[in-house]
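Colleague: Quick one: sequence and predicted model below, then my questions.
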Amino acid sequence: MSLHLEHLNPEQLAAVTLGDEHALILAGAGSGKTRVLTTRIAWLVKGGRVSPAGILAVTFTNKAAREMLTRVSAMLPVNPRGMWIGTFHGLANRMLRAHHRDAGLPQAFQILDSQDQLAALKRLLKGLNVDEDRFPPREVQYFVNNRKEEGVRAGEVPLTDETTRRFVELYAAYDEQCQREGVVDFPELLLRAFELLKRNELLREHYAQRFRHVLVDEFQDTNRLQYRWLKLLASSGARMFCVGDDDQSIYTFRGANVGNMADFERDFRVKHVIRLEQNYRSHGNILDAANALIANNRNRLGKNLWTAAGKGEPLRVFEGESDADEARWLVEEVQALAREGTRLSQIGVLYRSNAQSRVVEHALFSQGIAYRVYGGLRFFERKEIKDALAYLRLVATPEDDNSFLRVVNLPSRKIGARTIEELQDAARQQGVSLFKAVPGNSKAAAFTRLIEELKAETANLPLPEVVRHVVERSGLLEHYKTEREGADRIENLEELVNAAAAFGEEAREVEPGEPTDPLTGFLAHAALEAGEHQAGEGHEALQLMTVHSAKGLEFDAVFITGLEEGLFPHEQSVTERDGLEEERRLAYVAITRARQRLYLSHAQTRMLHGQTRYNIPSRFLEEIPEALMKWLTPRFSKKKDFSWSGRSPEPLPFAKPRAREVGGFRIGQNVHHPKFGSGVIIDAEGQGTDARVQVNFGNQGVKWLAVAVAKLQAA
DNA sequence: GTGTTGTACATAGGC
DNA sequence: TGTACAACAC
C-alpha cells in the first residue's frame, strides 16, 4: 500500500507532490505519465489533503479510466469511493442523469452513437425533402458536431451566407428532433453538461466546491468545449493538474485542440510546467530517431527524450519491390524474432491506414502465424446487438424513433417503406412519436403491442433476464437462426445477456440521483463503452493495428510499414492545415512504441483501390539520421524498370498498352527535377518531342511533364 | 415488400 | 480491391 515515492525520478516526484497550485505536466512518451497521475491522486488522498470525493480525474478512453481506477485502488487502503474517475462523456452522462430535470432531459434519455446520429440525420433530411446532393448527411453531421464542440447552438451561428443559413436550419431541426425523441448524441452530452454548469449557478457552485483537485489525462486531446467545462469545474479554486504531450497530439482531425495547453498555462497562470523527459521504454537509438524526426516540427512546446538505457540496436530499414514483398520480409523477420524468443504478442505491426493490413494478413495466414487485427466493429456496434438494443431502448423510451424504425420490421412484419412513410406523416402532423402515431388496427400495431407487452413482462425481472426475454420474445433470435451464417449472431446475442449480467454485478457505487433503473444504466453503458473490438484478447498473437490505435501501447519490437509519400504522410494531410506536422507526430508516436527493436519499411509499388501505385520513400525516413539506421536493402534502390521485370505480374492482355519507355525514361524510374525534387515515373505517353511522363513527387504532387522541356534527370 | 444488381467511393476513430 | 447503399426488378 506504499506509494513508493522513492522510486520516482526528481521530476516525477515534483509533479506528484506539487503543492496547492495548478500544474501542466509535459509528459513525453514512456515517461511514466500514468504512474505520476495515479500516484498523485493516491498521495493527495492518503496524506489527507483531500477526501476521495474531492477528486475528479478525467481521461479519453474507458480503458485508460479503468486502468487509472485499478492503479489508484491498489495504492489506497480502501476502495476509493466517491471519486469521479471516468471519460469526459462518462462523467457528463453521470452529471446529466443526476440532474436530468435541470438539463431538460428525460431521466432515461438514450445516447446516440455516431452511426445512430447519422441515421437520425438521414431520416430528418428525408422528412424535410432536403436535396441530399447539396446537403449530404455526413456533412450536416460534421457541421452539427463541430458547432457543438465549439459550444455554439443553432441560434448562435453567424449567418455568413445562404448555405450556412441552410445548415443552421438543419442543425436546429435536428436538435428539435432529438429533444422530442429524448435522445442525446456524443457532442450533445458534453455541451449539455457544459451548459448545465454554465447556467445553473447552484449546481456549478456545488461541483466546483466539491472537486478540489481536477486531474486531466491526455490533455493535448481535449477540445475547446471540454476545456471550458473543466474551467467551470475549477471556478471555485480547484487545482488543475493537466498531463499531456503536444508531440503526441494526433487527433486534431476530430476536434482536439493542442492550443488548450498554452491557453491553460495562461488562463490559470500556471507557475510550474514540469517536463518528464526521461524515457523508461525505448533504447537510445529509437529515442534518437524519434527526437530527430519530431525536431522538424515547428509548433512545439519543446522537449527532448532521453534514456539511461543503452543505445541498443540500429533501426532496420527495408525496401520492398512491392507491398507483397514487404509483407514477405516482415513475416520472415517475425519468424526470426520468434525463434530468438520474442513473444508474438510483444510484436506490433503498425500502418497508417487499415487497408494496408490485408496484404500483411495474407502473408501471415499463409505462414500460419497467429495474429490479431485491431479496429473494425466493436461488440455493441454489431448489427444484431444494435437490433436487440433497439428493442430494449423502446421498452425504456417508446419515443425513440431511431430505434422504432430500426426494428419495426425486423423480423419482417410486412411493414414496408410505404407504411412507414404514412406513419411518419401522421406522426409529424400530430406532433407525436412514431410509436404514438401507430393506428390501432394496423400491422404496426402488433409491433407496438409487442413492445408494451415486453415492458410489462420484464418490469420485475433482473437485468440479464430482461435482455434474454426481449431477445427471445422480439423474434430476433428466431430471425437470425433462419439466416444462413447467423451462428455468430446468435452467439453474440447470447453474449449480450452475459454482458448484462456482468454489468449488473459490477458493484458500482450509487450516488444520490444516479439512475436506479438498471436497464437505463445498461443502455448508457452500451453506448458509452462500445466493448472489445474482437474476442480472443490475451491469446499469443502478433498485434496488427493502425498507428492511431497503437497510441498508449508498447512492444518489444515494432514494425512501421508503408513509409511512403502519399501513404505516410498521407496524401490527404497536405491539404490540411498543419497536416504534415500531425503526420510527423503520428510517426513519432509510432516510433516511440518500440522498446528494443524498430523496423521501418516501404515498398516501391503498392496495390491501392485495385490499382498499382508507385510511391517514393517517405520523407520521414530521410529525417532520421543515417547513423541510426541499418539498411537491409540498398538505400533507396536504384533498380529500374521493376514493374515490368522479374516476379512482377505481367500486364493484363487487354490492358491499355502503355509506353514503357519514352525519351530515355522508364516507368518506375527514380528521377530528379530542379523544382519538384525527387520523384518516380508512374506513367508515360507519346513519342519523340511529344513524349510526356507522369511523375509522382510525393508532397509536391503528381505531375505530367514534357520530357523535351522539363529538366528531368535520372536519380 | 423483399431480393439483386450496379455504381460510387475509399485517412485516422475515441466517446 | 472490397464494401456500402441506392435504384432496380420480381
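Modeller: Yep, that arrived.
Colleague: quick one: buried residues of stretch A:78-88?
Modeller: A:80, A:83, A:84, A:85, A:86, A:87, A:88 (16 or more other CB atoms under 10 Å). (C-beta placed from N, C-alpha, C; glycine too.)
Colleague: helix/strand/coil for the closest residue in space to the third one that isn't next to it in sequence?
Modeller: Spelled out, that is residue A:84. Across the structure, with CB to CB, 6 or more residues apart in numbering as the measure, the residue nearest residue A:84 apart from its sequence neighbours is residue A:56 (4.5 Å). What DSSP: H, G, I helix; E, B strand; the rest coil gives for residue A:56 is strand.
Colleague: can you pull the pLDDT of residue A:56?
Modeller: For residue A:56, the pLDDT comes out at 97.
Colleague: hey, what's it bridged with?
Modeller: The residues listed as beta-bridge partners of residue A:56 by DSSP bridges are residue A:84, residue A:214.
Colleague: where's the residue lying closest to residue A:374 once chain neighbours are set aside, which helix or strand?
Modeller: Take residue A:374 and drop its neighbours on the chain: the residue closest to it by CB to CB, 6+ apart is residue A:545, 3.8 Å away. When secondary structure is defined by DSSP states H and E, residue A:545 falls within strand A:542-546.
Colleague: Likewise for residue A:502?
Modeller: Assessed by DSSP H and E, residue A:502 sits inside helix A:487-505.
Colleague: which one is residue A:127 nearest to, not counting chain neighbours?
Modeller: residue A:424 (6.4 Å).
Colleague: still on that earlier bit, so for the helix holding residue A:502, mean pLDDT?
Modeller: Helix A:487-505 shows an average pLDDT of 90 in the prediction.
Colleague: Buried residues in it, which are they?
Modeller: Using 16+ other CB under 10 Å as the burial criterion, the residues of helix A:487-505 that qualify are A:489, A:490, A:492, A:493, A:496, A:497, A:499, A:500, A:501, A:503, A:504.
Colleague: Stretch A:414-424 too?
Modeller: Using 16+ other CB under 10 Å as the burial criterion, the residues of stretch A:414-424 that qualify are A:415, A:419, A:420, A:423, A:424.
Colleague: List of residues touching it?
Modeller: Residues from elsewhere that reach stretch A:414-424 (CB atoms under 8 Å, 6 or more residues apart in numbering): A:127, A:405, A:408, A:409, A:434, A:437, A:438, A:442, A:443, A:444, A:447.
Colleague: give me the subset of those touching DNA strand B.
Modeller: With CB under 7 Å from any atom of the strand as the criterion, those include residue A:409 near DNA strand B.
Colleague: Could you single out the nearest of the contacts of stretch A:414-424 to DNA strand B?
Modeller: residue A:409 (5.2 Å; CB to the nearest atom of the strand).
Colleague: now the end-to-end length of stretch A:129-147.
Modeller: Across stretch A:129-147, the straight-line distance between its terminal residues is 23 Å, by CA to CA, to the nearest Å.
Colleague: same question, stretch A:99-108
Modeller: Looking at stretch A:99-108, the gap from its leading to its trailing residue is 12 Å under the measure CA to CA.
Colleague: How about chain A: which residue is closest to DNA strand C?
Modeller: At 2.4 Å from DNA strand C, residue A:610 is the closest residue in chain A, using CB to the nearest atom of the strand.
Colleague: if I look at that residue, how far off is residue A:358?
Modeller: The spacing between residue A:610 and residue A:358, counted by CB to CB, to the nearest Å, is 12 Å.
Colleague: Give me the more crowded residue out of the two.
Modeller: Of the pair residue A:610 and residue A:358, residue A:358 is the one with more neighbours under other CB atoms under 10 Å, namely 13 against 5.
Colleague: Buried residues, the helix or strand encompassing residue A:71. List them.
Modeller: Assigning secondary structure by DSSP H and E places residue A:71 in helix A:62-75. Along helix A:62-75, the positions that meet the burial threshold by neighbour count (16+ other CB under 10 Å) are A:62, A:64, A:65, A:67, A:68, A:69, A:71, A:72, A:73, A:75.
Colleague: okay, now residue A:456: neighbour count?
Modeller: By other CB under 10 Å, neighbour count at residue A:456 equals 10.
Colleague: next one: the one 3 residues further on
Modeller: Summarising burial for residue A:459: neighbours were counted as other CB under 10 Å, giving 9.
Colleague: Also residue A:291?
Modeller: Neighbourhood size, residue A:291 [other CB under 10 Å]: 21.
Colleague: these two touch, right, it and residue A:305?
Modeller: Yes - between residue A:291 and residue A:305 there is a contact at 6.0 Å, judged by CB atoms under 8 Å.
Colleague: returning to what we had before: any idea whether the residue nearest to residue A:127 is helix, strand or coil?
Modeller: The assignment at residue A:424 comes out as helix when based on three-state DSSP.
Colleague: pLDDT value on it, please?
Modeller: The predicted local confidence for residue A:424 comes out at a pLDDT of 88.
Colleague: Give me the residue ranges of chain A where confidence is low.
Modeller: Regions of chain A meeting the criterion pLDDT under 70 cover residues A:1, A:507-516, A:535-538, A:636-661, A:666-668, A:682-683, A:688, A:698-702.
Colleague: longest strand of it?
Modeller: Longest among the strand segments of chain A by residue count, using DSSP state E, is strand A:594-608.
Colleague: Can you give the strand pairings for the next helix or strand after it, parallel or anti for each?
Modeller: The first helix or strand that comes after strand A:594-608 along the chain, using DSSP H and E, is strand A:611-614. Within its sheet, and counting by DSSP bridges, strand A:611-614 is paired with strand A:594-608 (antiparallel).
Colleague: is any part of the strand it pairs with close to DNA strand C?
Modeller: Yes - for a cut-off given as CB under 7 Å from any atom of the strand, strand A:594-608 has contacts with DNA strand C, namely residue A:607.
Colleague: Now find how far off-centre that strand is within its chain.
Modeller: Chain-centre distance of strand A:594-608: 22 Å, with CA atoms, centre = their mean, to the nearest Å.
Colleague: Enumerate every residue touching residue A:36.
Modeller: Listed by CB under 8 Å, 6+ apart, the contact set of residue A:36 reads A:8, A:12, A:15, A:16, A:25, A:27, A:243, A:276.
Colleague: Mind checking what secondary structure it has?
Modeller: Strictly by three-state DSSP, residue A:36 counts as helix.
Colleague: any idea how far residue A:23 is from it?
Modeller: Summarising the geometry, the distance separating residue A:36 from residue A:23, computed by CB to CB, is 10 Å.
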